[in-house]
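# fold the following for me, if possible:
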Amino acid sequence: MKKTTATFLEAKSKGRKLVVMTAYDYSMARLADPCDIDAILVGDSLGMVCLGYKDTLRVTMEDMIHHTKAVSRGRAEALLISDMPFMSYQVSVEEAVRNAGRLVQEGYAEAVKLEGGTDVLSHVKAIVKAQIPVMGHIGLTPQSVNILGGFKVQGRQLETAKKLIDDAKRLEDAGAFSITLECVPAALSQKITEAVSIPTIGIGAGASCDGQVLVFHDMLGMFPDMRPKFVKVFSDAGASMQEGIRKYAEEVRNGAFPTAEHSFTIDPEIIEKL
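Residues are numbered from 1 along each chain as shown. This is a model prediction of the structure:
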């Protein structure tokens, strides 16, 4: 059954955990969509796991549209959410609405996600007013990595913890249909989850969130550059893929591949006439 933003709100009311994961192309979406997940997030994390950048700040609107459109072709049931990349909404509310609209019109996204709390409330309100669903994102906001001084857990002090709770409430009031909590202490995530009526989706935020999201490459062992504490490798596909590549290289070099099974034939008489 097709998942929508209404699916998220219903899940919260019924206490059913939501399952979200990232995908960045058609093949990933085709693999993920039949697995009973609620949403696919085309994250700007593609900058790191697909494009090799050290962070997400180099990702452009063109990147996000390109990858979101590819995912849309491989996804049938999961809600399709696309990240708004760095500088696609920070300059002005008008530009935020325009770029959110591009992700829907050109990328076929069904919702957008943007980072920030009270500082982006006017942006969220305007995007929602334009009939585009918005997922909020607070805690560790990777686009603010230079201000935050790195990828660090957020909300460990009293004032910052209070601010995260306030941010969540304000995002709900602004019209967000859900909120991602990234790298937030588990006990604080529980407080935030209890404080709002919209679902919280955790990544490094403990088990009390209404759902969880992980990066495709992380959960399948496909990104060796880094492995955050909150990641669990559910299947080491990366190791399996490397094993297959090594076998391929070995068989090409020793002549075991390709065999007749993998080759095409031609009438021998034609070959003789050559």
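# what ranges does the stretch 51-200 of the chain have for its helices?
61-74, 93-105, 121-129, 145-148, 158-174, 186-195 (DSSP state H, counting those that start in this stretch).
# and the contacts of the fourth one?
Residues lying outside helix 145-148 but in contact with it, judged by Cβ atoms under 8 Å, 6 or more residues apart in numbering, are 55, 56, 57, 140, 141, 151, 154. Yep, even glycine has a C-beta here, placed from its N, CA and C like the rest.
# what residues sit buried inside the worst-scoring helix or strand of the chain on mean pLDDT?
Counting by mean pLDDT, DSSP states H and E, the weakest-scoring helix or strand in the chain turns out to be helix 145-148, with a mean of 86. Going by neighbour count (16 or more other Cβ atoms under 10 Å), the buried part of helix 145-148 is residue 145.
# could you dump stretch 32-46 to PDB, C-alpha only?
Extracted C-alpha coordinates of stretch 32-46, given in PDB (Å, rounded to 0.1, in the frame of the first residue of the first chain):
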ATOM      1  CA  ALA A  32      14.600  -1.200  -0.600                       C
ATOM      2  CA  ASP A  33      11.000  -0.500  -1.600                       C
ATOM      3  CA  PRO A  34       9.600  -4.000  -1.500                       C
ATOM      4  CA  CYS A  35      11.000  -4.500   2.100                       C
ATOM      5  CA  ASP A  36       8.100  -2.900   3.900                       C
ATOM      6  CA  ILE A  37       9.800   0.400   4.600                       C
ATOM      7  CA  ASP A  38       7.700   3.500   5.200                       C
ATOM      8  CA  ALA A  39       9.900   6.100   3.500                       C
ATOM      9  CA  ILE A  40      13.000   6.500   1.300                       C
ATOM     10  CA  LEU A  41      15.100   9.600   2.100                       C
ATOM     11  CA  VAL A  42      17.300  10.900  -0.700                       C
ATOM     12  CA  GLY A  43      19.700  12.400   1.700                       C
ATOM     13  CA  ASP A  44      22.400  15.000   1.000                       C
ATOM     14  CA  SER A  45      24.600  12.300   2.600                       C
ATOM     15  CA  LEU A  46      25.000  11.200  -1.000                       C
END
